[in-house]
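[1] no sequence on hand, only this structure:
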């Protein structure tokens, strides 16, 4: 199997929106470095700050470096309700933010969680699928395709994406496939920076 390099996964795990790692100057510096390395896209991982101001900084840095963004609705490492504010900020970016008219050209797609099925977020699969479907409808209205970032071959939890035979999608995988527009396959060669 062949994979092409498109960019980096960029972790912004500090929950403090005022942390230096969440500053426009740091994000811009990091994006410029990624661009020099040949990146075209930046996947945002674990955004601990769930305010729209962080998304606006990311859009500004992406515009300045001519790169696309893949933002993530983040469940958090400890709170199962953090995703609601993360999702609300993403909607705000496309509706009332001063960068709303630009964001739709910078955001390539959006990810609804990181390993949400394997980590059994949102109170279980049925809740997650319903919330994924709602997220997809809203994001598609902005012209943004939706996917999830999932380890599709994970077998250590009660819910898996693959079939019990390991060949093809299982029931959960088929529900996810029905409610997404693309697969976010993030082949990790090396982290940034």
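    Happy to help now that I have it. What you see is a predicted model, and the numbers here were worked out from it, not measured in a lab.
[2] grab the longest helix from the protein for me.
    For the chain, the longest helix by residue count, based on DSSP state H, is helix 125-141.
[3] check contacts around the residue nearest the centre of the chain.
    What sits nearest the mean C-alpha location of the chain, by Cα atoms, centre = their mean, is residue 72, with 2.3 Å. Listed by Cβ atoms under 8 Å, 6 or more residues apart in numbering, the contact set of residue 72 reads 43-47, 86, 110-114, 149. Every residue, glycine included, has its C-beta placed from N, CA and C.
[4] quick one: which of these is most hemmed in?
    The most crowded member of these, judged by other Cβ atoms under 10 Å, is residue 112 (32 neighbours).
[5] quickly find the element holding that one.
    strand 110-114 (DSSP states H and E).
[6] mind giving me the packing neighbours of that strand?
    strand 72-73, helix 125-141, strand 146-149 (3 or more Cβ pairs under 8 Å, 6 or more residues apart in numbering; DSSP states H and E).
[7] that strand pairs with which strands, parallel or anti?
    strand 72-73 (parallel), strand 146-149 (parallel) (DSSP bridges).
[8] export those to JSON lines and tack on distance to residue 178 and mean pLDDT?
    Output for those, formatted as JSON lines (distance: least, Cβ to Cβ, whole Å; pLDDT from 0 to 100):
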{"stretch": "strand 72-73", "distance to residue 178": "18", "mean pLDDT": "94"}
{"stretch": "strand 146-149", "distance to residue 178": "12", "mean pLDDT": "90"}
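[9] for residue 80, find the nearest of the ones you listed.
    Among the strands paired with strand 110-114, strand 72-73 comes nearest to residue 80, with 12.7 Å by Cβ to Cβ.
[10] who's in contact with stretch 87-105?
    For stretch 87-105, contacts defined as Cβ under 8 Å, 6+ apart pick out 50-52, 54-56, 59-60, 63, 71, 73, 107, 110, 135, 138-139, 142-144.
[11] can you give me the buried ones in it?
    The neighbour-count check on stretch 87-105 (16 or more other Cβ atoms under 10 Å) flags 87, 89-94, 97, 99, 102-103 as buried.
[12] now the end-to-end length of it.
    19 Å (Cα to Cα, to the nearest Å).
[13] what about it, average pLDDT?
    Per-residue pLDDT over stretch 87-105 has a mean of 97.
[14] that one: how far from the chain's middle?
    Relative to its chain's centre, stretch 87-105 lies at 15 Å (Cα atoms, centre = their mean, to the nearest Å).
[15] check which helices and strands the helix or strand bottoming out on mean pLDDT in the chain sits against.
    Sorted by mean pLDDT, DSSP states H and E, the helices and strands of the chain end with helix 171-178, the least confident at a mean of 87. Helices and strands touching helix 171-178, by 3+ Cβ pairs under 8 Å, 6+ apart, are helix 125-141.
[16] so which elements touch the helix it packs on?
    Packed next to helix 125-141, using 3+ Cβ pairs under 8 Å, 6+ apart, are helix 82-95, strand 110-114, strand 146-149, helix 171-178.
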